[in-house]
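In: Pasting the sequence and the predicted coordinates here, then a few questions.
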Amino acid sequence: MVVVGVTFANRLGAVPFVKTNLPTTLLSFESTNDVWGRCTNPHNDKYSPGGSTGGESALLAFGGSRIGIGSDVAGSVRVPAHFSGCYSLRCSTGRWPKMGMNTSMPGQEAIPSVFSPMARTLNDLTYFTRSLIQMKPWKYDYTVHPLEWRESIETQYKEKKTFRVGVLRTDGVVDPSPACARALDDVAKALEAEGHEVYDVTPPSPYEALYLASQLLLSDGGNTFMSFFRTGEWNDPGASQMVFYMNLPRPIKYVYYLWVKYVKRDDIWAGLLRDFHAKSAHEYWQLAGRREAYKNNFFNWWSEEAKMDFMITPPNATPAVPHEAMHDAVSSCGYTFLFNLVRSALPLSTPRLTITQLDYTSGIIPVTHVDPKLDQLPAGFNINKLNGVARGAYKHYDATKMAGLPVAVQVVGRRLEEEKILAVMERVEEALDRHGGRYELLDID
């Protein structure tokens, strides 16, 4: 696929044998394009396997491969693992090679895309990550930090008796659906039963992070990714929505903003829409300054208030979405987007300068499947009372139709903690084994 990737594959003894499906823009939780068509969820062909690395997650879940690589700028290796029922690790920038990789937004460094591993099993994910880093990829790719695989950290967290575990129940924008809340609660209870200290946490406004990340990611107005389209080519409905809002004349957009904010009384959706346009250099710098202040605030909150070993969160508000549902759910990505909020990585030789970078290592563990009885919306649930982002997410939530779809949990550490998070993910699975049972992989016999 790329020079660096092929070099590593050959040296590690791997044989690249397939390239999997993606959305054209790489900015969707669906994976459809004009060349290869629609990729479907291996558990239910009416639903998406996720995106942007959805073809890879479907292949892994279906047993067509053991390991793969995807890219993640807002959740694109984590949401597919959650939707399809496999494992992934969102590495911090500088831990996984990226040179030679293609992207839909070359030059976009405000929220850098991170290339990261995916696998059918946790054992495969750990083996793959460890093996690649032990090959010293910084010798081949200048973007990789010269950071050896730290076996001592892996061992430390495999053996540590008691963890402090923070539980993020909601991001304050879209509450997790009953299926996703149940999976999170199952993990929290299993860890508590193991004797770990488990407590709810409320980080600095995840909504502010969603606002900053979305404004920075598309600060060019979407012009770069749209430049690759040829006349008549199909665009993902979610990406199309973003371009539509970007291109609304500002006076019309402002009137719409006033209507949403003061008539609909929806501050969340209004706040995202108000400034959704291409940014001047001055506006970009102002946003970058706010981003740095937010990350420093989050860093201090984790260190001084939450004091966690790691945090568990939903990977998304809902399980897999039906095809073309990203038209409505395009903004519902806060649970993963939050941990990508980062600037370009600084060298490890200046560690004190990197403390404000969120850029947190995050892993996905499948936990359960949607249960048509346990995961129904509560009586009296009124979608019209939700904010615009939440309405888009819940518009397609139906526990009966979604029955059997995978549901995962996200395990979050801090920056460059790949060894720690993989070890912790193993401990989480062991806790589930002893208290309720781990996820059952898709039967491929």
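Out: In hand now; what should we look at?

In: Check the gap between Trp119 and Pro23 for me.
Out: Not quite, residue 119 is Ala, not Trp. Distance, Ala119 to Pro23, by C-beta to C-beta, to the nearest Å: 22 Å. Using the backbone N, CA and C atoms, a C-beta is placed for each residue, glycine as well.

In: Next SSE downstream of the lengthiest helix in the chain?
Out: The longest helix of the chain (DSSP state H) is helix 281-300. With elements assigned by DSSP states H and E, the helix or strand that comes after helix 281-300 is strand 310-313.

In: in its sheet, what does that following strand sit against?
Out: Using DSSP bridges, strand 310-313 pairs in its sheet with strand 164-167 (parallel), strand 406-412 (antiparallel).

In: average pLDDT for the longest one?
Out: Going back to what we said before, that points to strand 406-412. Strand 406-412 shows a mean pLDDT of 98.

In: following it, which helix or strand shows up next?
Out: Where DSSP H and E defines the elements, the next helix or strand beyond strand 406-412 is helix 418-434.

In: Packing partners of that next one?
Out: strand 87-90, helix 122-134, helix 151-159, helix 178-193, strand 310-313, strand 362-369, strand 406-412 (3 or more C-beta pairs under 8 Å, 6 or more residues apart in numbering; DSSP states H and E).

In: that older thread, any buried residues in the longest helix of the chain, and which?
Out: Using 16 or more other C-beta atoms under 10 Å as the burial criterion, the residues of helix 281-300 that qualify are Tyr284, Leu287, Arg291, Tyr294, Lys295, Phe298, Phe299.

In: Got the confidence number for the last one?
Out: Right, Phe299. 95.

In: What residues does Val77 make contact with?
Out: Thr53, Gly70, Ser71, Ser88, Leu89, Arg90, Ser116, Pro117, Met118, Ile364 (C-beta atoms under 8 Å, 6 or more residues apart in numbering).

In: Looks like the fourth one contacts Ser76 (just checking).
Out: In other words, Ser88. No: in this structure, Ser88 is not within contact of Ser76 by C-beta atoms under 8 Å, at 9.4 Å.

In: Gly166 is in contact with Val411, isn't it?
Out: No: contact status for Gly166 versus Val411: not in contact, 10.9 Å apart, counting by C-beta under 8 Å.

In: Find residues that contact each of the two.
Out: By C-beta under 8 Å, 6+ apart, Gly166 and Val411 have these common neighbours: Phe310, Met311, Ile312.

In: ok, the second one - how many residues close by?
Out: In other words, Met311. Look at Met311: counted by other C-beta atoms under 10 Å, it has 22 neighbours.

In: how close does it sit to His43?
Out: As defined by C-beta to C-beta, Met311 lies at a distance of 27 Å from His43.

In: which among the buried residues of helix 281-300 gets closest to Gln215?
Out: Nearest to Gln215 among the buried residues of helix 281-300, counting by C-beta to C-beta, is Leu287 at 5.6 Å.

In: Who are the contact partners of the closest one?
Out: Leu287 neighbours (C-beta under 8 Å, 6+ apart): Ala110, Leu212, Gln215, Leu216, Ser219, Lys279.

In: Can you report how many residues lie near Gly404?
Out: With other C-beta under 10 Å as criterion, Gly404 counts 14.

In: OK, contacts around it?
Out: His43, Asn44, His369, Val370.

In: ok, now which ones touch the nearest residue to the second one once chain neighbours are set aside?
Out: Ranked by C-beta to C-beta, 6 or more residues apart in numbering and with sequence neighbours excluded, the top spatial neighbour of Asn44 is Leu405, at 6.0 Å. Listed by C-beta under 8 Å, 6+ apart, the contact partners of Leu405 are Asn41, His43, Asn44, Tyr47, Phe83, Ala179, Pro319, Ala320, His369, Val370.

In: separation between the nearest residue to Ala423 once chain neighbours are set aside and Leu442?
Out: Once flanking residues are discounted, Ala423 sits nearest to Tyr157: 3.8 Å by C-beta to C-beta, 6+ apart. Tyr157 sits 29 Å away from Leu442, going by C-beta to C-beta.

In: Stretch 148-168: end-to-end distance?
Out: The straight-line separation of the ends of stretch 148-168 (C-alpha to C-alpha, to the nearest Å) is 31 Å.

In: typed the wrong thing, it's stretch 99-109
Out: 14 Å.

In: Run a quick neighbour tally on Ser227.
Out: Ser227: 10 neighbours (other C-beta under 10 Å).

In: quick one: it from Glu233, how far?
Out: 12 Å.

In: how about the helices in the stretch 251-400 of the chain?
Out: 267-274, 281-300, 326-329, 334-337, 388-394 (DSSP state H, counting those that start in this stretch).

In: Mind checking those helices for the one nearest to Asn382?
Out: Of those, nearest to Asn382 by C-beta to C-beta is helix 388-394, at 10.1 Å.

In: Centre of the chain to the closest one, how far?
Out: Relative to its chain's centre, helix 388-394 lies at 18 Å (C-alpha atoms, centre = their mean, to the nearest Å).

In: Kind regards, and thank you for your time.
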